[in-house]
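Peer 1: sequence below, structure please.
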Amino acid sequence: MKDGDKEDYDLRTKHEVAYTKGTADRLLTALVDLDAGLSGCKISRLGHSLQSATRAWYDGADIDWVVEEHGDFQLAYYGTHAGADPNKRDPYAGHIYYDDCVKFCEFRDQTSFDPDYDTLPIEFFTNMTRQVFTRPPYDAAVTHTGVRVPLQTDAPNRS
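Peer 2: Numbers count the residues shown, from 1 in each chain. Sure, this is the predicted structure:
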């Protein structure tokens with residue numbers, strides 16, 4: 001890297017910018033690939049993802065759902081059975097989105113293994129996915145540092 005010059009880095013930036021424009025499509029492809037994985041559940045990991053997203057959509061959730069730390073939050077349901085700390089989410093208590101993540105896990109994620117649920121197809125979420133991944137990172141119109149913006153509307157729940 002230290003041997004690069006401005007021309008090298010301008011070229012690299014050009015390619016990186018072009019690459020990032022395909023993030024949504026790469027993510028959608030990765031999601032579709034989850035359908036082929038062995039999950040040990042009644043539905044595939046793709047089905048689970050779409051079912052969680054469908055529940056969130058019916059709940060009127062913002063398209064920027066709280067999922068970053070949801071693995072730690074999910075341990076509340078199965079941690080004791082898997083030799084993991086079921087209270088791993090506790091250090092996040094007090095975070096402005098803690099309750100949102102708890103609700104996401106309780107009402108959208110851990111309940112989304114129902115093979116009979118009326119799940120929306122991936123095509124329904126394609127434009128939303130592209131919308132999230134084509135806007136500038138940390139877009140001030142979307143992110144509000146230190147301010148909690150409700151992640152769902154008062155839309156009816158179609159559990």
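Peer 1: where in the protein is pLDDT low?
Peer 2: Scanning the chain with the threshold set as pLDDT under 70 gives 39, 66-67, 151-159.
Peer 1: helix, strand or coil for the residue nearest to Phe107 when sequence neighbours are not counted?
Peer 2: Closest residue in space to Phe107, ignoring its immediate chain neighbours: Arg55 at 6.7 Å, by C-beta to C-beta, 6 or more residues apart in numbering. Heads up, the C-betas are built off the backbone N, CA and C, glycines and all. For Arg55, the assignment made with DSSP: H, G, I helix; E, B strand; the rest coil gives helix.
Peer 1: count of residues packed around Arg55?
Peer 2: Applying other C-beta atoms under 10 Å, we find 23 residues neighbouring Arg55.
Peer 1: am I right that it is in contact with Gln110?
Peer 2: No - at 10.7 Å, Arg55 does not count as touching Gln110 under the criterion of C-beta atoms under 8 Å.
Peer 1: and Asn127, how far is that from Ala24?
Peer 2: To Ala24, Asn127 is 9 Å away according to C-beta to C-beta, to the nearest Å.
Peer 1: check the secondary structure at Trp65 for me.
Peer 2: With three-state DSSP as the basis, Trp65 sits in coil.
Peer 1: and for it, nearest residue in space, chain neighbours not counted?
Peer 2: Using C-beta to C-beta, 6+ apart and skipping the chain neighbours, the partner closest in space to Trp65 is Ala56 (5.7 Å).
Peer 1: for the one you found, the count of nearby residues, please.
Peer 2: The number of residues packed near Ala56 is 22, by other C-beta under 10 Å.
Peer 1: also the one 4 residues further on?
Peer 2: Taking other C-beta under 10 Å as the neighbour definition, Gly60 ends up with a count of 14.
Peer 1: for it, phi and psi?
Peer 2: Here is the backbone geometry of Gly60 (degrees, to the nearest 10): phi 80, psi 20.
Peer 1: same question, Ala61
Peer 2: Dihedral pair for Ala61: phi -70, psi 150, per degrees, to the nearest 10.
Peer 1: for beta bridges, what are the partners of it?
Peer 2: With DSSP bridges as the criterion, Ala61 is bridged to Gln152.
Peer 1: about what we covered before: and the residue nearest to Trp65, how far from Glu7?
Peer 2: Ala56 sits 45 Å away from Glu7 when distances are taken as C-beta to C-beta.
Peer 1: do Thr143 as well
Peer 2: Distance, Thr143 to Glu7, by C-beta to C-beta: 33 Å.
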